[in-house]
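# Provided below are the primary sequence and the corresponding predicted coordinates.
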Amino acid sequence: MDNFSKLDIEIQKAIHWFGNEIVSLRTGRANPALVENLEVDSYGSKMPLKHLAAISAEDARALSIKPWDKNNIQAIESAIRSSGLGFQPLVDQDIVRIIVPELTEERRGALKKMLKEKSEQAKVSVRRARDEVWGEIQKKERAAEISEDEKFRLKDKMQEKIDAAFKKLEEIADKKEKEISF
């Protein structure tokens, strides 16, 4: 049980999930991650935008999307308009441009609230993994596979991993909150 590989995997999954979830929270800066996973109706199926076009930030406030097949321009424009992100795409020949509007105080508050919810979901996932490992440790102690001292040593080691995970999650959330407040 010294090896907490299952716990480590679950912690990494939670941190990775959290990072992926918050990358799409709009911060007022143009970032290709804002739209790269938008589902676009193309070739008879839904595909992520990043599979259909090159997405780049022209500057801090504008994105350009250049489809590899010009026939997808209308589908891309439609997907962006209906995405709920609040972007108004502009079609300019064979490029779709998005100007990222300034965030209002109301929108900043809503984004911070979403950030806190996502952070809490990640922490719940880590706690759930902790509880499973703790249950296994207690079961081994009851079965006399490990001593009571060993149980508490493992508990302390496990808690160190949990504290480190929570610290990492907080660092990621704080960085994103600063971007939102900017």
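All right, it came through fine.
# Would you tell me which helix is longest in the chain?
Under DSSP state H, the helix in the chain containing the largest number of residues is helix 105-142.
# Pull out the buried residues from that one.
Of all the residues in helix 105-142, those buried under the rule 16 or more other C-beta atoms under 10 Å are 108, 111-112, 115, 118-119, 122-123, 125-126, 129-130, 133-134, 137, 140-141. In this view, the C-beta of every residue, glycine as well, is placed from N, C-alpha and C.
# quick one: Lys13 and Thr104, what's the gap?
The gap separating Lys13 from Thr104 is 34 Å, by C-beta to C-beta, to the nearest Å.
# and after the longest helix of the chain, which helix or strand comes next?
Downstream of helix 105-142, the first helix or strand assigned by DSSP states H and E is helix 148-181.
# by contact count, what packs against that following helix?
helix 5-23, helix 105-142 (3 or more C-beta pairs under 8 Å, 6 or more residues apart in numbering; DSSP states H and E).
# Backbone torsions only: list them for Gln88.
Phi and psi for Gln88, reported as degrees, to the nearest 10, are phi -110, psi 100.
# Please verify my assumption that it contacts Arg81.
Yes. Gln88 is within contact range of Arg81, at 7.3 Å (criterion: C-beta atoms under 8 Å).
# Just give the nearest non-adjacent residue to Ile22, would you?
Lys176 (5.0 Å; C-beta to C-beta, 6 or more residues apart in numbering).
# Neighbours of Glu170, how many?
Number of residues near Glu170 (other C-beta atoms under 10 Å) recorded here: 12.
# how close does the closest residue to it other than its chain neighbours get to Ile80?
Among residues not flanking Glu170 along the chain, Ser119 sits closest, at 7.7 Å (C-beta to C-beta, 6+ apart). Here the distance between Ser119 and Ile80 works out to 27 Å (C-beta to C-beta).
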